[in-house]
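Chemist: for reference, the sequence and a predicted model appear below.
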Amino acid sequence: MPAWLLWCIVAVLLTIGEIFTPGLFFLGPVALAAVASAIAAALGAGWLVDLVVFVAGAAASLALLRPIARRHLRMPLSMRTGAAALVGATAVVVERVDAHGGRVKIGGEVWSARTLDESQVLEPGTDVQVAEISGATAVVYL
């Protein structure tokens, strides 16, 4: 099996790992380094050069890209837009909400909702907090 193909497989596996570890943004930059090593291998570099490219690429991408990504993940609520801006907002239950569904009013808009705690049942008129937005559903808690 050619070295460039091995580096491509490593890059794909690291990318899959990044997808399944949201919020860390560690494996993605390392996957970019594996792609750089695949390119070096495809150009005929030896295994030592491939390894040096991988280590240097991983260090550089982690040092440059990870801080930028983490800043965006930790964006203050006042700067968020879209559905992300609703997380932490107060909502009012307009139709009974449980683990299977219901309706809440957030900032003048009615959203489908479900409870964060599956055993909790929220009656109309109850003030709740938005824990997250899952698709078009607000996940809420007391």
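Modeler: On my side now, so go ahead.
Chemist: residue 34 contacts residue 5, doesn't it?
Modeler: No: counting by CB atoms under 8 Å, residue 34 stays clear of residue 5, with 11.6 Å between them. The way it works is simple: take the backbone N, C-alpha and C, and place the C-beta from them, glycine included.
Chemist: pLDDT below threshold where in the protein?
Modeler: 23, 72-81 (pLDDT under 70).
Chemist: quick one, strands of it?
Modeler: Taking DSSP state E as the criterion, the chain carries its strands at 90-98, 101-106, 109-115, 127-134, 137-141.
Chemist: so which of these is nearest residue 1?
Modeler: strand 127-134 (41.1 Å; CB to CB).
Chemist: can you list contacts of the closest one?
Modeler: Applying CB atoms under 8 Å, 6 or more residues apart in numbering, the contact partners of strand 127-134 are 83-84, 86-93, 97, 104, 106, 116, 122, 138-142.
Chemist: ok, 10 Å please
Modeler: Residues outside strand 127-134 that contact it (CB atoms under 10 Å, 6 or more residues apart in numbering): 82-93, 97, 104, 106-107, 111-117, 120, 122, 138-142.
Chemist: what subset of these is buried?
Modeler: When those are checked for burial by 16 or more other CB atoms under 10 Å, the buried set is 85-86, 89, 91, 93, 97, 104, 106, 111, 113-115, 122, 138-140.
Chemist: for the chain, which helix is longest?
Modeler: Taking DSSP state H as the criterion, the chain has its longest helix at helix 47-73.
Chemist: any buried residues in it, and which?
Modeler: Buried-residue list, helix 47-73, by 16+ other CB under 10 Å: 50, 53, 54, 57, 58, 61, 62.
Chemist: what packs against it?
Modeler: helix 3-19, helix 27-42 (3 or more CB pairs under 10 Å, 6 or more residues apart in numbering; DSSP states H and E).
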